[in-house]
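Engineer: coords please:
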Amino acid sequence: MQSKILFKLLITILIFNFFVGNSYSTEVVYHGEHGCCVEQTIDNGYIIGVFDLDVGSSNYSETNSIGLLKTTSDGKVEWYRIFPCSYLGYYEYGVDVHQTSDDGFILLSSALIKTDSYGNELWNKTVSGDTVQQTTDDGYIIAGKEEAGYYKENLFLIKTNSSGDIEWNVTFNDFQCLYSKVCVIQTKDNGYAILGTKGRPDYPSYYNVNLLKTDSKGNEEWIRSYNLINDATTYRVGVQCLQQTDDGGYALCGYYDKNNANRDDGWFIKTDENGIMKWNRTFGTSDSIECIRSFNQTSDSGFILTGNTPLDASYAQDVWLIKIDADGHTEWSKTFGQPDSTDAGYSVRVTNDGGYIIVGSSWNSLKTPSYTYLIKTDSDGKLEWEKLFSDGKEVPKEFSQILIFFIILVIAVIIAVVLVLFWKRKRNKSQQE
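Structural biologist: As a prediction, the model looks like this:
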């Protein structure tokens, strides 16, 4: 009789651990999460824009959402907010997030969303786009693209007031931004600069990088076109980031596929205040995939860049962090990644302590979830800490998951032993009576 009871208890423990263990397992219907952008907040913490893709088991149905993840200065989660999203473009720029002058946040994806400092929604406007920035009058400037025919897009620029109501909008025709987001910044003269791509006049199937400058009302002042290499083989060009530099000029970055061979290289361009190129640099080799996706100017007038670079001969990637000087010469480069994972950096910022914060994604394969990947380094690129997040929670390391499993197992065994002892004591007492 006693052996039967112990057998039943053992089966119960195994079933219990199976279900609890699966609650920590990554083998679920595909859940893709990508940290698109990061900024340091006024309390020295970080705000992260997250693009979340869930693929259901029924006909591979997709459900998108955007997340707003707030952490402390050492990467501990403070809060997480989720907002619906109908955006179906490239996940690495599915959301743009910035802290606003009232300490709240502005989010742009398939809608323009304003929140308070705790991520609670204040208002929501049906305005979509690729990038957003708060303007000096506390309004917002938004840039994006809309289809205008076969392999053609029109760029649009939308100016809103502080409540998200549209004040004016303009359109720029005949661009080609299939592989790019459209970047916008407010310039020091209160005008705007827009970065996109356009077909080459001599070879329309190939792309040039284009920087367009407007006045404060969106009227075009000038446009510059940059051919990354002096031949007709720049097939696919993606622009990723635009900033005005300390000297009044502009810096821009992205990636290109020279021979239509799915072998990207990263590029970086520095211009003067009129958009005239001063220098450009490329990063990578012709037989592998390297991308530059974000940068920030550093205190020495150089730049910190992030993207992804090959881990080995396979398609696995690592987060790439590159420091260049004011003339574009590489000072150092570092790579970061999780074991047996493909990792990418999508956004980098200089932090108040002179170090760097990088956000991106990390995943093993299409059968396992991808996680938001947050990395903090010192000024020399030395790793200080790194975190993985899923659904607003820190993901335990593999060892931690095993430890949790065994702790639960030990607790279950203790409970089983207590139950057996209790049952034996009760049986002995009943026999004595």
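
Engineer: when you work out contacts or count neighbours from here on, use the C-alpha atoms and nothing else.
Structural biologist: Fine.

Engineer: so where do the strands sit in the stretch 251-400 of the chain?
Structural biologist: Using DSSP state E, counting those that start in this stretch, the strands of the stretch 251-400 of the chain run over residues 264-271, 277-283, 291-297, 303-310, 317-324, 330-336, 342-350, 356-363, 370-377, 383-390, 393-394.

Engineer: strands paired with the third one, and their directions?
Structural biologist: Using DSSP bridges, the strands paired with strand 291-297 in its sheet are strand 303-310 (antiparallel).

Engineer: got the CA positions of the partner strand in PDB?
Structural biologist: Extracted C-alpha coordinates of strand 303-310, given in PDB (Å, rounded to 0.1, in the frame of the first residue of the first chain):
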ATOM      1  CA  PHE A 303      31.200  58.600 -33.300                       C
ATOM      2  CA  ILE A 304      30.100  55.400 -31.700                       C
ATOM      3  CA  LEU A 305      28.400  53.000 -34.200                       C
ATOM      4  CA  THR A 306      26.400  49.800 -33.700                       C
ATOM      5  CA  GLY A 307      25.000  47.100 -36.000                       C
ATOM      6  CA  ASN A 308      25.900  43.400 -36.600                       C
ATOM      7  CA  THR A 309      28.800  41.400 -37.900                       C
ATOM      8  CA  PRO A 310      29.400  37.700 -38.600                       C
END
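
Engineer: and for that strand, what's in contact with it?
Structural biologist: Contact partners of strand 303-310, identified using Cα atoms under 8 Å, 6 or more residues apart in numbering, comprise 284, 288-298, 316-326, 335, 343-350, 358.

Engineer: what packs against the strand or helix carrying residue 114?
Structural biologist: Using DSSP states H and E, residue 114 sits within strand 112-115. Judged by 3 or more Cα pairs under 8 Å, 6 or more residues apart in numbering; DSSP states H and E, the packing partners of strand 112-115 are strand 105-108, strand 121-125.

Engineer: just the mean pLDDT for that strand, thanks.
Structural biologist: In this model, strand 112-115 has a mean pLDDT of 97.

Engineer: same deal with stretch 245-264?
Structural biologist: Here the average pLDDT along stretch 245-264 is 82.

Engineer: export the helices and strands packed on strand 112-115 to a markdown table and tack on mean pLDDT?
Structural biologist: As requested, these are exported to a markdown table (pLDDT from 0 to 100):
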| stretch | mean pLDDT |
| --- | --- |
| strand 105-108 | 96 |
| strand 121-125 | 97 |
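
Engineer: so which of these gets nearest residue 273?
Structural biologist: strand 105-108 (27.8 Å; Cα to Cα).

Engineer: count of residues packed around the residue lying closest to residue 378 once chain neighbours are set aside?
Structural biologist: Closest residue to residue 378 apart from its sequence neighbours, by Cα to Cα, 6 or more residues apart in numbering: residue 355 at 4.1 Å. Residue 355 has 18 neighbouring residues, counting by other Cα atoms under 10 Å.

Engineer: picking up where we left off before, buried set for the strand holding residue 114?
Structural biologist: 112-115 (16 or more other Cα atoms under 10 Å).
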